[in-house]
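J.: Coordinates only, no sequence provided:
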């Protein structure tokens, strides 16, 4: 389905009944990235997944620079358009960065936060290895096709998987390849150049119950990064997923959803 939000034709999917839960994807991904998680979550929640501006099927004006604040404002606009006054938000990777910013900008619209392998705005956070992202950007700007970009940089992507998953779940690795192949090179380059807000010092102002989930083998946003978020966000709880790298919905969707549901049910009355 599509709806107009802030000048964009936003693609979104919705299923299930119950209180709203909105899933926000990461760089190079889209709503479809949660396809193995949604059936596990929509038995308890009305689950929304959408393609952020610059991703997937969402159509955007290309003259507006991308940034995390714009993505947060788009989410607020989408919620208003869909009649969702307040929701639990789950952000993966870049999506975690976006929902933290959202919680600071629109606290009244958030019940609970879930951060899955989230990027961190803290100045003390261990820098992410962005070499593969920059290579993709350069290839895209040089006119490479998405097939060429994925072929030349897939080992970088695969390196963020748990060795256990690479050995035992090859289908999970292939799901990432297919996700990356859905990207438009121009949009991907714009995403890599997007600016991010310096809201790290404000994380202590997030009062919502917050679950921080990190894979024990997540090399992209490692355990130490999540530990930093756990210390900075007052009402936060951290859980480590075993045999999991950075791609939670592909590698360990069942365990990830089990942890999420336990948290969301536990704090549902608190957040009401």
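T.: Perfect, thanks for sending it. This structure is a prediction, so every number in the text was calculated from the model and none was measured.
J.: And the next helix or strand past the one helix or strand residue 11 maps to?
T.: Under the criterion of DSSP states H and E, residue 11 resides in strand 8-15. Counting by DSSP H and E, the next helix or strand C-terminal to strand 8-15 is strand 19-24.
J.: angle of that next one against strand 8-15?
T.: Angle of strand 19-24 versus strand 8-15, following axes from the mean of the first three to the mean of the last three Cα atoms, to 10 degrees, is 130 degrees.
J.: picking that back up, on contacts alone, who are the packing partners of the strand holding residue 11?
T.: strand 2-5, strand 45-50, helix 68-81 (3 or more Cβ pairs under 8 Å, 6 or more residues apart in numbering; DSSP states H and E). (Glycine included, C-beta is placed from N, CA and C.)
J.: Show me what the mean pLDDT comes to for that strand.
T.: Strand 8-15 shows a mean pLDDT of 98.
J.: Give me the contacts around it.
T.: Strand 8-15 is contacted by residues 1-4, 31, 38, 42, 46-51, 53, 56-61, 74, 78, 82 when judged by Cβ atoms under 8 Å, 6 or more residues apart in numbering.
J.: how much distance is there from it to the middle of the chain?
T.: Here strand 8-15 is found 15 Å from its chain centre; the criterion is Cα atoms, centre = their mean, to the nearest Å.
J.: now swap in stretch 151-161 and tell me
T.: Remark: stretch 151-161 is offset 18 Å from the chain centroid, using Cα atoms, centre = their mean.
J.: Make sure residue 118 is actually in contact with residue 100.
T.: Yes - if you go by Cβ atoms under 8 Å, residue 118 and residue 100 touch, sitting 7.2 Å apart.
J.: follow-up on the earlier one: pick the most buried one from the helices and strands packed on strand 8-15.
T.: Greatest average neighbour count among the helices and strands packed on strand 8-15 goes to strand 45-50 (a mean of 24), per mean count of other Cβ atoms under 10 Å.
J.: by contact count, what packs against that one?
T.: Short answer (3+ Cβ pairs under 8 Å, 6+ apart): strand 45-50 packs on strand 8-15, strand 19-24, helix 38-41.
J.: so where's the chain shaky on pLDDT?
T.: 269-272 (pLDDT under 70).
J.: Strands of that one, start to end?
T.: Along the chain, counting by DSSP state E, strands occupy 2-5, 8-15, 19-24, 45-50, 87-92, 110-116, 210-215, 236-241.
J.: among these, which is nearest residue 251?
T.: strand 210-215 (7.1 Å; Cβ to Cβ).
J.: quick check: angle from the closest one to strand 236-241?
T.: Interaxial angle of strand 210-215 relative to strand 236-241 (the same axes, to 10 degrees): 20 degrees.
J.: Any buried residues in strand 210-215, and which?
T.: 210, 211, 212, 213, 214, 215 (16 or more other Cβ atoms under 10 Å).
J.: what do you get for stretch 246-265?
T.: 246-253, 255-257, 259-261, 263-264.
J.: repeat for stretch 226-234
T.: 226, 228, 229, 230, 232, 233.
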